[in-house]
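In: The amino acid sequence is not available; the structure is as follows:
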């Protein structure tokens, strides 16, 4: 059945400006675009005519959600192709959208070119489906129809899975915006490194060759290697300082309050002894107390940075343990709790041992998630490759403390790429970017102590794989 001309397209969104903009843009492209402000109006329009493609927002207050609308439209017109638009992209939303009949999944904000591309793909898929229907009705062309159906289905599955992987990466980066682009850069570096291994004629990996399907397996494992971060608490995942937000402000406020309490107590003591008001003496005492408070605040501020904590500063923190303040109830309480002092005494970084363990658990979360996917035989190694990318040759990695013989070669490649990108990344809240030159020196140091594979690093350096992401890193 040929598509009508012009092709009718339905846009469902409760935001009138966006809806009207898309309608006008598609009309300019020659489509018969129609808008609907919600699920009820959309179903009414679907009942009036057939729309080959329907764009719908995910969240529409006061009626059907985008997912519910897709199910209702599918029941009413199963031939319609649904494309979900949302500003809250999550893997669960993507999975539910696919389960409820959506063909594609687009994250807001988007460019008009993305809408046009998604529409073209959907219409092409629509045409293939209609052609398959006609093929099945024609016995003389049954063989050709089945061949086209298989080929079309294969391409559709690949496109759908590629979209699912991309949506998963989007979910990772939405969870931790500070590492935006990290997954894609690691995939680019790791795949390039695997291709360089293929060109290595001798050495430990001279006889190793990754075929195209194995390269795809490496790419998927690299793109999804950090997916488990969706299971880590956000305040731990993006923690830039040892103590943050209102909790840190509360400590500063208590230190300030301690100054006022001290001055109050000294004034009351002087008055109780019949001493006259001495403006100069009081001012001097206030200046001394404020200087002490500023010194303590500066001590907290310096200790709170995620850099290496000097031993001298760590010793100074002991003086904070005895500080108290008067609670509103009248009780005297510890000004800085023991657990906060322990946080300030973290020697490097911003995470406590418990928080670091939680971050490290993201690898296991990744493995559990990827293990639920029914991978084809050619891609069955994706979960294991991603699971081992933080393991180290000397057994000091995590989460399983594997040693060199038990770590997949693909994971060794990814480990070099992952460490390099983490060092050079300029968008981490808890550290400054390291220059390319210094990052390569650090990689060499880690290879010398048997953390990273020295042969993999040699190939990484000689093939200049690191140059693949230099535009995103700091060039020496």
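Out: Yep, that arrived. Predicted model, so just to flag it, every value in this text is computed and none were measured.
In: Residue 79 - nearest residue in space that isn't next to it in sequence?
Out: Using CB to CB, 6 or more residues apart in numbering and skipping the chain neighbours, the partner closest in space to residue 79 is residue 50 (6.8 Å). Every residue, glycine included, has its C-beta placed from N, CA and C.
In: Please work out the average pLDDT along stretch 212-220.
Out: The pLDDT scores in stretch 212-220 average 94.
In: quick one: residue 115 is in a helix?
Out: Yes: checked against DSSP: H, G, I helix; E, B strand; the rest coil, residue 115 lies within a helix.
In: Is it correct that it is in contact with residue 23?
Out: No: counting by CB atoms under 8 Å, residue 115 sits too far from residue 23 to count as a contact (11.4 Å).
In: Quick check, residue 398 in contact with residue 389.
Out: No: Residue 398 lies out of contact with residue 389 (CB under 8 Å); the separation is 10.4 Å.
In: So for these two, which residue has more residues nearby?
Out: Looking at residue 398 and residue 389 with other CB atoms under 10 Å, you find the greater number of neighbours at residue 389, namely 27 against 16.
In: Could you check the pLDDT of that one?
Out: 94.
In: for it, phi and psi?
Out: Note on residue 389: backbone dihedrals following degrees, to the nearest 10 are phi -70, psi -10.
In: hey, what's in contact with both of residue 398 and residue 389?
Out: Residues touching both residue 398 and residue 389 (CB atoms under 8 Å, 6 or more residues apart in numbering): residue 363.
In: Make sure the residue nearest to residue 79 is indeed in a strand.
Out: No: assessed with three-state DSSP, residue 50 is coil; it does not lie in a strand.
In: Going along the chain, name the strands of the stretch 1-150 of the chain.
Out: Ranges of strands in the stretch 1-150 of the chain, per DSSP state E, counting those that start in this stretch, are 8-12, 32-36, 53-57, 81-86, 102-107.
In: Including distance to residue 200 and mean neighbour count, could those go into JSON lines?
Out: Shown next, in JSON lines, are the strands of the stretch 1-150 of the chain (distance: least, CB to CB, whole Å; neighbours: other CB atoms under 10 Å):
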{"stretch": "strand 8-12", "distance to residue 200": "51", "mean neighbour count": "24"}
{"stretch": "strand 32-36", "distance to residue 200": "54", "mean neighbour count": "21"}
{"stretch": "strand 53-57", "distance to residue 200": "48", "mean neighbour count": "26"}
{"stretch": "strand 81-86", "distance to residue 200": "44", "mean neighbour count": "23"}
{"stretch": "strand 102-107", "distance to residue 200": "39", "mean neighbour count": "22"}
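In: I'd like these as JSON lines, with mean pLDDT and distance to residue 257 appended.
Out: Shown next, in JSON lines, are the strands of the stretch 1-150 of the chain (pLDDT from 0 to 100; distance: least, CB to CB, whole Å):
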{"stretch": "strand 8-12", "mean pLDDT": "94", "distance to residue 257": "55"}
{"stretch": "strand 32-36", "mean pLDDT": "94", "distance to residue 257": "58"}
{"stretch": "strand 53-57", "mean pLDDT": "92", "distance to residue 257": "49"}
{"stretch": "strand 81-86", "mean pLDDT": "88", "distance to residue 257": "46"}
{"stretch": "strand 102-107", "mean pLDDT": "83", "distance to residue 257": "46"}
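In: Could you export the ones you listed to CSV, including columns for distance to residue 462?
Out: Output for those, formatted as CSV (distance: least, CB to CB, whole Å):
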stretch, distance to residue 462
strand 8-12, 52
strand 32-36, 55
strand 53-57, 49
strand 81-86, 45
strand 102-107, 39
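In: that older thread, how near is the residue nearest to residue 79 to residue 184?
Out: 39 Å (CB to CB, to the nearest Å).
In: Which of the two has more residues huddled nearby?
Out: Ranked by neighbour count (other CB under 10 Å), residue 50 and residue 184 place residue 184 first, with 17 against 12.
In: List the contacts of that one.
Out: Taking CB under 8 Å, 6+ apart, one finds 169, 223 in contact with residue 184.
In: domain parsing for the protein?
Out: Per automatic domain parsing, the structural domains of the chain span 8-173, 177-231+367-472, 245-350.
In: Could you export the ones you listed as JSON lines, including distance to residue 359?
Out: Below are those laid out as JSON lines (distance: least, CB to CB, whole Å):
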{"stretch": "domain 8-173", "distance to residue 359": "14"}
{"stretch": "domain 177-231+367-472", "distance to residue 359": "8"}
{"stretch": "domain 245-350", "distance to residue 359": "10"}
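In: Pick out the shakiest of the ones you listed, pLDDT-wise.
Out: Mean pLDDT values for those show the minimum at domain 245-350, a mean of 78.
In: where do the strands sit along the stretch 201-350 of the chain?
Out: Assigned by DSSP E, counting those that start in this stretch, the stretch 201-350 of the chain shows strands spanning 324-326, 332-334.
In: Pick the most buried one from the ones you listed.
Out: Most buried of those, by mean neighbour count (mean count of other CB atoms under 10 Å): strand 324-326, with a mean of 16.
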